[in-house]
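Peer 1: Pasting the sequence and the predicted model now:
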Amino acid sequence: MAGLLESAGFVQGDEAEADIIVLNTCSIREKAEHKVHSAIGRFKALKVAKPELVTVVAGCVAQQEKTRLLKRSPEVDAVLGTHQIARLPQVVKEILEERRRSIHVELIHDVQSLHIPARTDQGRICSFVSIMQGCSNFCSYCVVPHTRGPEQSRPTEEIIAEAQALVSSGVREVTLLGQNVNSYGKDLAGDDSFVDLLTRLDAVRGLSRIRFTTSHPRDFGPDTADAVSRLAKVCEHVHLPVQSGSTRILAAMNRGYTREDYLGKIHDLRSKIPHVALTTDIIVGFPGETEEDFQETLSLLAEVRYDQIFSFKYSRRPQTEARNYTDQIPERVRKERLLAVHTLQDAITQDYARGMIGKKEEVLVEGFRSHTRQAFGRTRSNKIVNFAPTLETEAGMLLFVRITDALKHTFLGEVAD
Ligand code: 5AD
Ligand code: SF4
């Protein structure tokens with residue numbers, strides 16, 4: 001969105017001096033949605049100080065609330081849904097010229113017109129590339145299929161062309177984005193598949209690294225594990241959200257796999273790529289989750305020993321199936337379970353981090369910290385490392401760094417030969 005507005009001649013500024021404020025929103029959990037409403041609250045005072053200020057609310061909360069948002073919040077000038085981002089410059093222009101409030105929330109079934117290319121301004125080493133939009137999985141807790149529409153894959157040729165353009169502008173690492181990258185291509189007419197896409201991207205000259213997220217355990221097959229192992233540029237890191245360790249809860253979540261299926265995939269990955277970095281997402285307190293079910297989540301964490309996890313209390317979302325389940329878990333229990341997950345995982349993550357000390361890791365240099373003049377970059381396993389640069393160190397280069405210390409979220413290292 002910033003790129004679109006810059007192309008239309010606008011420049012970035014901060015909240016206090018801006019003539020236009022665009023609030024991009026997330027509705028995955030209730031907490032994110034609350035933040036949106038308090039941010040909108042701040043518009044009121046800003047508009048008193050500057051009545052001509054233009055305010056736009058975009059993204060998933062906009063898509064979910066539609067006209068309700070415009071009715072409830074007179075300080076919002078336009079509501080821009082998840083499929084209408086490309087209209088942002090036009091919408092802003094209309095408000096500036098005609099002072100007309102408007103709402104654009106139609107879902108579009110043409111992924112080409114939906115796509116907004118990644119920015120290619122100079123100086124970026126890493127870039128996201130979306131390979132698909134939407135989601136058709138309907139996990140029973142999740143609002144995404146409702147706010148983002150059905151899964152639509154972009155044609156492979158278009159993705160390759162975008163990656164090449166990014167490389168020409170200096171990008172060395174791309175992260176492929178989709179809600180379920182393993183089902184990439186299934187909705188296309190040809191026989192494009194995710195593994196073919198990875199194979200084609202691996203051959204893009206000038207590109208150093210490829211990452212991807214998010215994988216869905218149901219669709220993550222042995223062919224993807226083989227591709228990660230075989231393809232030189234694909235980093236050995238798989239984010240594989242398990243959500244729960246209990247097969248009974250996984251069924252209620254409509255995830256399409258059992259605990260055993262999941263553990264089988266982890267085993268396959270580790271046998272093919274012994275040092276693969278594994279991360280996951282966990283939901284605690286899903287409706288009907290008993291103490292026994294929860295213990296199965298803890299035992300899965302202890303068994304897999306992920307290097308990092310993202311854990312959440314179940315949050316009731318509009319339009320979802322689980323919203324109507326009668327056996328909701330009290331907040332107090334959800335909080336306790338989240339704390340137990342944190343306690344267990346913190347110890348595992350710390351062990352993992354200590355195990356990194358002394359290792360020689362390939363790092364892609366992303367830039368330099370202005371305050372400490374240290375260089376920074378990430379390992380293939382996606383861990384941030386800060387280190388003293390040598391005279392030759394430049395952004396965009398791959399080099400080997402020996403890990404010397406583990407801090408809470410980052411590592412320290414020194415250039416190794
Ligand atoms: N409550 C809690 N966590 C959720 N997530 C998605 N929907 C919900 C919800 N209703 C989590 C899942 C998903 C991550 C992006 O957000 O773990 O993988
Ligand atoms: Fe939500 Fe499930 Fe789709 Fe992920 S796969 S976005 S959790 S519905």
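Peer 2: Received, thanks. Ligands and ions are numbered 1, 2, ... in the order given.
Peer 1: now the helices for the stretch 251-400 of the chain?
Peer 2: Assigned by DSSP state H, counting those that start in this stretch, the stretch 251-400 of the chain shows helices spanning 259-272, 291-304, 331-356.
Peer 1: Who are the packing partners of the longest one?
Peer 2: On a contact count with 3 or more C-beta pairs under 8 Å, 6 or more residues apart in numbering; DSSP states H and E, helix 331-356 meets strand 277-284, helix 291-304, strand 308-313, strand 398-406. Quick note: C-beta positions are derived from backbone N, CA and C, even for glycine.
Peer 1: most packed of those?
Peer 2: strand 277-284 (a mean of 21; mean count of other C-beta atoms under 10 Å).
Peer 1: now check it, is it near ligand 1?
Peer 2: Yes. Using C-beta under 6 Å from any ligand atom, strand 277-284 reaches ligand 1 at 281, 283.
Peer 1: hey, C-alpha coordinates of that strand in CSV?
Peer 2: The C-alpha trace of strand 277-284 is given here as CSV (Å, rounded to 0.1, in the frame of the first residue of the first chain):
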residue,chain,number,x,y,z
ALA,A,277,14.8,-26.0,11.8
LEU,A,278,11.2,-26.6,12.9
THR,A,279,8.7,-24.1,14.2
THR,A,280,4.9,-24.3,14.8
ASP,A,281,1.7,-22.6,16.0
ILE,A,282,-0.2,-23.8,19.0
ILE,A,283,-3.8,-22.9,20.1
VAL,A,284,-4.7,-23.7,23.7
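Peer 1: From the contact counts, what lies against that strand?
Peer 2: Counting by 3+ C-beta pairs under 8 Å, 6+ apart, strand 277-284 packs on strand 237-239, helix 291-304, strand 308-313, helix 331-356.
Peer 1: Any part of that strand near ligand 2?
Peer 2: No. Counting by C-beta under 6 Å from any ligand atom, ligand 2 has no neighbours in strand 277-284; the shortest distance is 8.1 Å.
Peer 1: Distance from the chain centre to that strand, please.
Peer 2: 13 Å (C-alpha atoms, centre = their mean, to the nearest Å).
Peer 1: Which one of the helices of the stretch 251-400 of the chain lies nearest to ligand 2?
Peer 2: Nearest to ligand 2 among the helices of the stretch 251-400 of the chain is helix 259-272; the distance by C-beta to the nearest ligand atom comes to 14.2 Å.
Peer 1: On the C-terminal side of the lowest-mean-pLDDT helix or strand in the chain, identify the next helix or strand.
Peer 2: The helix or strand of the chain with the lowest confidence, counting by mean pLDDT, DSSP states H and E, is helix 111-114 at a mean of 81. Counting by DSSP states H and E, the next helix or strand C-terminal to helix 111-114 is strand 126-130.
Peer 1: For burial, what's the neighbour tally of residue 123?
Peer 2: Each residue near residue 123 was counted by other C-beta atoms under 10 Å, and the total is 10.
Peer 1: check contacts around it.
Peer 2: 170, 395 (C-beta atoms under 8 Å, 6 or more residues apart in numbering).
Peer 1: Please spell out which residues along the least confident helix or strand of the chain are buried.
Peer 2: 111, 114 (16 or more other C-beta atoms under 10 Å).
Peer 1: that older thread, just put the helices and strands packed on strand 277-284 in TSV and tack on distance to ligand 1 and mean pLDDT.
Peer 2: Formatted as TSV, the helices and strands packed on strand 277-284 follow (distance: least, C-beta to the nearest ligand atom, whole Å; pLDDT from 0 to 100):
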stretch	distance to ligand 1	mean pLDDT
strand 237-239	9	98
helix 291-304	12	98
strand 308-313	4	98
helix 331-356	10	97
